[in-house]
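**Student:** sequence isn't available, so here's the structure alone:
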């Protein structure tokens, strides 16, 4: 890794990871391991997805949620 060691993921990758957890019957840990991402990272993506689809409000326009729209 270079720099701070932080990896970046495309919006498409995040959406697909969330979809896999929701539709594959596998746990967050299993999907995270299969994709090579941290369990907590995938958990955060799932939480943001749930908030974005269940709670209307200005948060939908925050940069952290842009990949969900």
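**Tutor:** On my side now, so go ahead. Every value quoted in this text rests on a predicted model; they were computed, and no experiment measured them. Residues are numbered from 1 along each chain as shown.
**Student:** what helix or strand is residue 50 located in?
**Tutor:** Assigning secondary structure by DSSP states H and E places residue 50 in helix 39-54.
**Student:** buried residues in that helix, which are they?
**Tutor:** Buried residues in helix 39-54, counting neighbours by 16 or more other C-beta atoms under 10 Å, are found at 41, 42, 45, 46, 48, 49, 52. Heads up, the C-betas are built off the backbone N, CA and C, glycines and all.
**Student:** quick check: the first one touching residue 32?
**Tutor:** Yes - contact between residue 41 and residue 32 holds when scored by C-beta atoms under 8 Å: they sit 7.2 Å apart.
**Student:** sorry, back to before: distance to residue 19 and pLDDT for the buried residues of helix 39-54 - can I get that in JSON lines?
**Tutor:** Shown next, in JSON lines, are the buried residues of helix 39-54 (distance: C-beta to C-beta, whole Å; pLDDT from 0 to 100):
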{"residue": "41", "distance to residue 19": "16", "pLDDT": "96"}
{"residue": "42", "distance to residue 19": "12", "pLDDT": "97"}
{"residue": "45", "distance to residue 19": "11", "pLDDT": "93"}
{"residue": "46", "distance to residue 19": "11", "pLDDT": "92"}
{"residue": "48", "distance to residue 19": "14", "pLDDT": "85"}
{"residue": "49", "distance to residue 19": "9", "pLDDT": "84"}
{"residue": "52", "distance to residue 19": "14", "pLDDT": "75"}
